[in-house]
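# Below is the sequence, then the predicted model.
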Number of protein chains: 2
Amino acid sequence: MAAREADAETAPEPGGKVTITEIARRAGVSVPTVSRVVNGRSDVSPKTRARVEDLLQRHGYRKRPAAPGTRAALLDLVFNDLDSPWAVEIIRGVEEVAHAAGVGTVVSAIHGRTGDAREWMRNLRARASDGVILVTSLLEPVLHDELRILGVPLVVVDPAGSPALDVPTIGAANWAGGMAATEHLLSLGHRRIGLIAGPPRLLCSRARFDGYRAALEGAGLALDDSLVAPGDFHPESGFAGCNTLLDLPEPPTAVFAASDQMALGAIEALRRRGLRVPEDMSVVGFDDLPEVRWSAPPLTTIRQPLAEMGKLAVRTVLRLARDEQPDSPRVELGTDLVVRASTAPPA
Amino acid sequence: MAAREADAETAPEPGGKVTITEIARRAGVSVPTVSRVVNGRSDVSPKTRARVEDLLQRHGYRKRPAAPGTRAALLDLVFNDLDSPWAVEIIRGVEEVAHAAGVGTVVSAIHGRTGDAREWMRNLRARASDGVILVTSLLEPVLHDELRILGVPLVVVDPAGSPALDVPTIGAANWAGGMAATEHLLSLGHRRIGLIAGPPRLLCSRARFDGYRAALEGAGLALDDSLVAPGDFHPESGFAGCNTLLDLPEPPTAVFAASDQMALGAIEALRRRGLRVPEDMSVVGFDDLPEVRWSAPPLTTIRQPLAEMGKLAVRTVLRLARDEQPDSPRVELGTDLVVRASTAPPA
């Protein structure tokens, strides 16, 4: 502490004003105590507060106003889990637009647990957040009810469950993406195409599955249940699902993994058997995470515009906070096929 | 709007109280307007405010207090960029501890630009943040000076530049990690070991480089400058650096890439030449990002405890905000060698 204060005495004083460190020294209190007075916090004794305020005033320091309406805007960005590179893409988009609007982005994870959600809700009330962006959580209905009572606007990104909630949603064109992934493999000449599916309780998984089926049917092929392995979007399940498909009497020549992370697991399963991608089997993912540009081989995948989804979510929640209606209550941003090195015609 | 209000009239009223939607309907205003009154915001006309407050009171609604000192705690977590899976690991650690303490985590990126940093600083003042955690930014000295004037406590994670700032820092044992990576390759029998280095302006790069050199010297080998390729931690530079090393008259038999992302780029450079990892060349990374468990092959790397660094940063900044001193002003958390499938004895 001594070193810090000595240091501050020789520090430049912007605008010719005395520093808070100097105020602290003269009042005989610590810098954080002065900061608490400046910030209008209550956890300072009345006597100390009076002494600090007196010094602040004498040195021309303007106390930061703490009256209602002057607090800076905040929005809450809530994930189920922060364990995927997927999350950082959305954070990046949200932060960019919020920052430009002078709005702070509070990031939280509720781990699908009602207890965590309740604690988060208490904190949300206490910080008087101006809006909430909720990403892929099965707690949507619970949070929706509570936020409606609080009157805090809510936008859901990548809705997890039933789309029947009366709340704006921003998703990706999952069905069209599933169809494009499968059509790409069909166009290369594949006829036995496996699917490693996402968890069926999530809307996006069901849409990707239906896109896969629609593409097969469009090519005159019936859905073969034995070519569909279950997965949970994590790499381990892609690894296991690919092994299941490879153990079939007649394995597929290509596989569509409904997430990039499952595609990475599938590629590793193939590598362990000494099989090459794409020579021995083609693999398509879904997401286009930054890391799959550098998988071995670089992954052909369906690009989900995660950062753009985040940006649109901020614009929508800020409109709602201003009492304006969103342009459209349900938006699906387009997905694109990105062809890299993991797909080729069948051997 | 109509659908939303009709819906609310039949919604359950928790605690027997009327909902905000119902208050809005009776006052003839929108739900966000009622929310603004409840939250003590100023952007509501006095007439509307009076009508809404009257209704709130009659229905037993307690207006949320907006007096100083009741605002919930916030901390600011500031990155240079949010373009790496690296960031989400730190966010995960910070959020976990902050959430448990009832503190909101505001995440920002300042892109190494003084303009962005100034805008962020304005927002920080406006939201009266209680503390700042700054991650690997060369703007450390600028922010440090301004935050000291504001009296907001600062903790630096993974200090980028000179460690001379009078501020607590939390880093990883980069020198020991660089040494462990190189010793692992030496123990497998490698003698020509390449390095793809990080940017020399960052402290962590210099420490990893010195650890590499110390291990070589410990084994009686002199540093060979031709075996050191420059990099910037991104995969593209790992790809280019590995190609540079492979083009040498006598290429190394193993390479230590000073970040996992550069290691992925190196593996792809090898794959494109038809070379196998680890049979033809061993590769070691640095970071242990979740994704490298599923690279092809799974990457041997040095684990940086990123989430733990984030957790400790929160505990430290909260101590400072309470006027307590940190246990130690400079902490380096240990790094560990994680052996997976990308390293083997030389062919």
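Yep, it's here.
# just the helices in the stretch 151-300 of chain A please.
Counting by DSSP state H, counting those that start in this stretch, one finds helices in the stretch 151-300 of chain A at the ranges A:174-187, A:203-218, A:235-246, A:260-272.
# most packed of those helices?
Of all the helices of the stretch 151-300 of chain A, helix A:260-272 has the most neighbours on average by mean count of other C-beta atoms under 10 Å in any protein chain shown, namely a mean of 26. Backbone N, C-alpha and C define where each C-beta goes, glycine included.
# Counting by contacts, list what that one packs against.
On a contact count with 3 or more C-beta pairs under 8 Å, 6 or more residues apart in numbering or on different chains; DSSP states H and E, helix A:260-272 meets helix A:235-246, strand A:254-257, strand A:282-284.
# To residue A:81, which of these lies closest?
For residue A:81, the closest of these is helix A:235-246, at 14.7 Å, according to C-beta to C-beta.
# average pLDDT across the closest one?
The pLDDT scores in helix A:235-246 average 98.
# Contacts made by it with the rest, please.
For helix A:235-246, contacts defined as C-beta atoms under 8 Å, 6 or more residues apart in numbering or on different chains pick out A:194, A:196, A:227, A:229-231, A:251-252, A:255, A:257, A:259, A:261-266, A:268-270, A:273, A:275, B:293-294.
# Contact residues of the stretch 151-300 of chain A facing chain B?
A:151-153, A:166, A:235, A:239, A:261, A:264-265, A:267-268, A:271, A:290-291, A:293-298 (C-beta under 8 Å from any C-beta of the partner chain).
# Could I get the CA-only coordinates of stretch A:337-347 as CSV?
What follows is stretch A:337-347, C-alpha atoms only, in CSV (Å, rounded to 0.1, in the frame of the first residue of the first chain):
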residue,chain,number,x,y,z
LEU,A,337,-22.0,-25.3,-46.9
VAL,A,338,-18.2,-24.8,-46.6
VAL,A,339,-16.3,-27.4,-48.6
ARG,A,340,-12.8,-28.2,-47.3
ALA,A,341,-10.8,-31.3,-47.4
SER,A,342,-12.8,-34.0,-45.5
THR,A,343,-15.2,-35.0,-48.3
ALA,A,344,-14.5,-36.7,-51.7
PRO,A,345,-16.3,-39.2,-54.0
PRO,A,346,-16.6,-42.8,-52.5
ALA,A,347,-13.6,-45.0,-53.1
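# Model confidence for the residue lying farthest from the centre of chain A, exactly?
In chain A, the residue that sits farthest from the middle, by C-alpha atoms, centre = their mean, is residue A:58; the gap is 47.6 Å. Looking at residue A:58, its pLDDT stands at 79.
# Per the annotation, how does chain A divide into domains?
A:2-58, A:74-172+A:306-333, A:174-305 (automatic domain parsing).
# could you redo those as a markdown table and give each row distance to residue B:131?
As requested, the domains of chain A are arranged in a markdown table below (distance: least, C-beta to C-beta, whole Å):
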| stretch | distance to residue B:131 |
| --- | --- |
| domain A:2-58 | 9 |
| domain A:74-172+A:306-333 | 14 |
| domain A:174-305 | 30 |
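# these two touch, right, residue A:59 and residue A:23?
Yes - using C-beta atoms under 8 Å, residue A:59 makes contact with residue A:23 at a distance of 6.6 Å.
# got the contact list for residue A:294?
B:235, B:239, B:261, B:264, B:265, B:268.
# how far away is the closest residue to chain B within the stretch 151-300 of chain A from residue B:31?
The nearest approach of the stretch 151-300 of chain A to chain B comes at residue A:151, 3.1 Å away (C-beta to the nearest C-beta). Distance of residue A:151 to residue B:31, given as C-beta to C-beta, to the nearest Å: 5 Å.
# What ranges in chain A fall below the confidence cut-off?
For chain A, applying pLDDT under 70 flags the ranges A:1-18, A:39-42, A:60-72, A:162-165.
# so where do the strands sit in it?
A:74-79, A:104-109, A:132-135, A:154-157, A:169-172, A:193-196, A:228-229, A:254-257, A:282-284, A:301-303, A:330-333, A:336-338 (DSSP state E).
# Ok, which of these comes nearest residue B:50?
With C-beta to C-beta as the yardstick, what comes closest out of the strands of chain A is strand A:74-79 (26.7 Å).
# Against which helices or strands is that closest one packed?
Looks like strand A:74-79 contacts helix A:85-100, strand A:104-109, helix A:114-127, strand A:132-135, helix A:306-321, strand B:104-109 (3+ C-beta pairs under 8 Å, 6+ apart).
# burial count for residue A:329?
13 (other C-beta atoms under 10 Å in any protein chain shown).
# doesn't residue A:169 make contact with it?
Yes - contact criterion C-beta under 8 Å: residue A:329 and residue A:169 qualify, at 7.4 Å.
# Now stretch A:333-347: buried residues?
Of the residues in stretch A:333-347, those buried by neighbour count under the rule 16 or more other C-beta atoms under 10 Å in any protein chain shown are A:335, A:337, A:338, A:340, A:341, A:342, A:343, A:344, A:346.
# Give me the contact list for stretch A:339-347.
For stretch A:339-347, using C-beta under 8 Å, 6+ apart, the contacting residues are A:184-185, A:188-191, A:253-254, A:263, A:267, A:277-280, A:282-285, A:292-293, A:295, A:297-301.
# Buried subset of those residues as a ChimeraX selection?
Provided next is the ChimeraX selection string for whichever of the contacts of stretch A:339-347 are buried by 16+ other C-beta under 10 Å:
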select /A:184,185,188,190,253,254,263,267,277,278,280,282,283,284,285,292,293,295,297,298,299,300,301
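# got a list of what residue A:282 touches?
A:185, A:188, A:190, A:253, A:254, A:255, A:300, A:342, A:343, A:344, A:346.
# just checking, the fifth one touches residue A:281?
Yes - under the criterion of C-beta under 8 Å, residue A:254 makes contact with residue A:281 at 6.3 Å.
# how deep is residue A:326 tucked in, by neighbour count?
Residues near residue A:326, counting by other C-beta under 10 Å: 18.
# Just put the contacts of residue A:282 in a markdown table and tack on distance to residue B:87.
Shown next, in a markdown table, are the contacts of residue A:282 (distance: C-beta to C-beta, whole Å):
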| residue | distance to residue B:87 |
| --- | --- |
| A:185 | 34 |
| A:188 | 36 |
| A:190 | 37 |
| A:253 | 38 |
| A:254 | 34 |
| A:255 | 31 |
| A:300 | 26 |
| A:342 | 26 |
| A:343 | 30 |
| A:344 | 34 |
| A:346 | 40 |
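# of these, closest to residue B:309?
Among those, and counting by C-beta to C-beta, the member closest to residue B:309 is residue A:342, at 34.2 Å.
# I'd like to know how many residues surround residue A:328.
Residue A:328: 11 neighbours (other C-beta under 10 Å).
# List phi and psi for it.
phi -150, psi 140 (degrees, to the nearest 10).
# what sits in contact with each of residue A:151 and residue B:31?
B:20, B:21, B:24.
# ok, the last one to chain A distance?
When you say that, I think you mean residue B:24. According to C-beta to the nearest C-beta, to the nearest Å, residue B:24 stands 8 Å off from chain A.
# which residues does that residue contact?
Contacts of residue B:24 (C-beta under 8 Å, 6+ apart): A:151, B:5, B:30, B:31, B:33, B:34.
# farthest-separated two in those?
Across the contacts of residue B:24 (C-beta to C-beta), the longest gap, 13.2 Å, separates B:5 and B:33.
# out of everything not next to it in sequence, what's closest to residue A:182?
residue A:215 (3.5 Å; C-beta to C-beta, 6 or more residues apart in numbering or on different chains).
# hang on, that neighbour packs against residue A:186?
Yes - using C-beta under 8 Å, residue A:215 is in contact with residue A:186, at 6.4 Å.
# that older thread, neighbour count: residue A:151 and residue B:31, which is higher?
Neighbour count, other C-beta under 10 Å: between residue A:151 and residue B:31, residue B:31 has more, with 25 against 21.
# Could you check how far the more buried one is from residue A:77?
21 Å.
# and if you look at residue A:299?
In terms of C-beta to C-beta, residue A:299 sits 27 Å off from residue A:77.
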